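A.B. asks: For reference, the sequence and a predicted model appear below.
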Amino acid sequence: MAIPFAARIARFNTHVTNRILGPISWYLPSFGRVEHVGRTSGRRYRTPMMAFRSADRRRLMFALTYGPGAHWVLNALAAGEVTFDSRRDGPRRLVGLHVVHDPRRRAMPWIVRQVLAVMHVDDFLEGTVAVG
């Protein structure tokens, strides 16, 4: 399985783009921050991400532009939960995390499907919003 974005771009984004996007992601539509805990370090990380809600608003889905082997995804799956914090909805704990492989990208809005198709992104992380 090929990683949609090259490892060099991923490293650049981690060290440069995420530091720029982090503070402004709060103001962008559908953006927020995924808080996850390192599998071995136990350190807390915040990663700017775009989340897509299911029609029933009980689940969130994230396009895995770096593939399902990205560190934040492995951290999330190992912990079994993450927190997604957005300006619009505030912090929400997501549980029942799992990777969904969907070459048709059915859960994404039409325009996002087109962009993800060009990028060859077929994998997504889905989580259920915890109640209470």
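C.D. replies: That came in fine, so what should we check first? Nothing here was measured: the structure is a model prediction, and the numbers come from that model. Numbers count the residues shown, from 1 in each chain.
A.B. asks: Every contact and neighbour count from this point should use C-alpha atoms.
C.D. replies: Fine.
A.B. asks: If you count residues, where's the longest strand of this structure?
C.D. replies: strand 90-101 (DSSP state E).
A.B. asks: Give the rounded mean pLDDT of whichever helix or strand comes after that one.
C.D. replies: Next in sequence after strand 90-101, counting helices and strands by DSSP states H and E, comes helix 110-119. Averaging pLDDT along helix 110-119 gives 93.
A.B. asks: cool, stretch 89-101 as well?
C.D. replies: 96.
A.B. asks: May I see the buried residues of that stretch?
C.D. replies: 92-95, 97-100 (16 or more other C-alpha atoms under 10 Å).
A.B. asks: Would you mind pulling the contact partners of the longest strand of the chain?
C.D. replies: 59-60, 68, 76-77, 80-85, 122-130 (C-alpha atoms under 8 Å, 6 or more residues apart in numbering).
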